[in-house]
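Take a look and give me a structure for this.
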Amino acid sequence: MSSPGSAVSGGGAELAGGEAMGVHDGHRDRMRKRFFENDLEGFASHEALELLLYYAIPRGDVNPLAHALMDRFGSLSGVFSAPAELLAQVDGVGERTAMLLRLVPQIAQKARLGDLERELALNTRERVGDYLLELFSRERNEAVYQICLDGKGKFLACRRLGEGSASAVNLDVRKIVQNAILYCASSVILAHNHPSGVALPSQEDHAATLRVKAALESVDVRLEDHIVVADHDFISFSQSGFLR
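Now for the predicted structure:
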């Protein structure tokens, strides 16, 4: 017979407050210890994902779920970029898990963009390109953004104008002018992406760009550039001579 206060045989160790520690808690503790000692060095991708899943699923073995997510989406990047509705199709993924998997990469991206906005004057094509590649890295659909800059090329604001192509039909030119006035911009950079992976601008892109350029000039704001982003590449209208 066990003595008073001892753990019951077969039931696992006992946590503070009398809560029984499950068979998988020791494994979780070892995983956390590995991370605290070496960060993620030495972790396989599915192990890093498993560690994250602990914070959505507080009990049980989440290793099979981590493997299932990796198998379904192919990589950590694939898991983190998957829409919530596809994540929910994986057995074991509930609302809290889907939210965590969507939230973590978006917080990380927001932090990176914040650093770029504070530290960089977007006054070279390379700096603009770096910012936009990060900005569009999580866009699955075609989208249009407007960046407002001051007279020295420093960042004032970035506004998402909406989804769809930057054609004259879909582009809200009045909103672009209003944003420029609101943020007292000296110049504006227009940007959109081509999810197809081809950065070459279309004829519609050219027509829309000239329309925006004329509208901004009417309020003494310069259209500095229109950037088309695709995969890890981008094309500058200004550098290519399309804004002359």
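
who's Ser236 bridged to?
On the basis of DSSP bridges, Ser236 is bridged to Ile227.

pretty sure it contacts Ile227?
Yes. Ser236 is within contact range of Ile227, at 5.7 Å (criterion: C-beta atoms under 8 Å). From N, CA and C alone the C-beta is placed, and that goes for glycine too.

Between those two, which contacts overlap?
Residues touching both Ser236 and Ile227 (C-beta atoms under 8 Å, 6 or more residues apart in numbering): Val128, Gly129.

Which other helices and strands does the longest helix seen in the chain contact?
Taking DSSP state H as the criterion, the chain has its longest helix at helix 95-119. Where contact means 3 or more C-beta pairs under 8 Å, 6 or more residues apart in numbering; DSSP states H and E, helix 95-119 is packed against helix 45-53, helix 76-81, helix 84-87, helix 125-135, strand 155-163.

Pro64 is nearest to which of those?
Closest to Pro64 of these, according to C-beta to C-beta: helix 45-53, at 9.4 Å.

Show the subsequent helix or strand relative to that closest one.
For helix 45-53, the following helix or strand on the C-terminal side (DSSP states H and E) is helix 63-73.

and that following helix with helix 45-53, angle?
Put simply, helix 63-73 runs at 120 degrees to helix 45-53, going by axes from the mean of the first three to the mean of the last three C-alpha atoms, to 10 degrees.

buried residues in helix 63-73?
Neighbour-count burial for helix 63-73 flags Asn63, Leu65, Ala66, Ala68, Leu69, Met70, Phe73 (criterion: 16 or more other C-beta atoms under 10 Å).

Leu53 touches Val62, doesn't it?
Yes. Leu53 lies in contact with Val62 (C-beta under 8 Å); the separation is 4.2 Å.

So between those two, which is more surrounded?
Val62 (24 against 20; other C-beta atoms under 10 Å).

and that one, what is it in contact with?
Glu50, Leu53, Tyr54, Gly92.

The third one - how many residues pack around it?
For Tyr54, the count of nearby residues is 15 (other C-beta under 10 Å).

in stretch 227-244, what's buried?
By 16+ other C-beta under 10 Å, the buried positions in stretch 227-244 come out as Ile227, Val228, Val229, Ala230, Phe234, Ile235, Ser236, Phe237, Ser238, Phe242, Leu243.

Ok, stretch 29-45 next?
Neighbour-count burial for stretch 29-45 [16+ other C-beta under 10 Å]: Met31, Arg34, Phe35, Phe43.

any chance of the helices and strands packed on helix 95-119 in CSV, with mean pLDDT and distance to Ser202 too?
Listed next are those as CSV, based on pLDDT from 0 to 100; distance: least, C-beta to C-beta, whole Å:
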stretch, mean pLDDT, distance to Ser202
helix 45-53, 93, 37
helix 76-81, 89, 25
helix 84-87, 92, 30
helix 125-135, 83, 18
strand 155-163, 88, 16
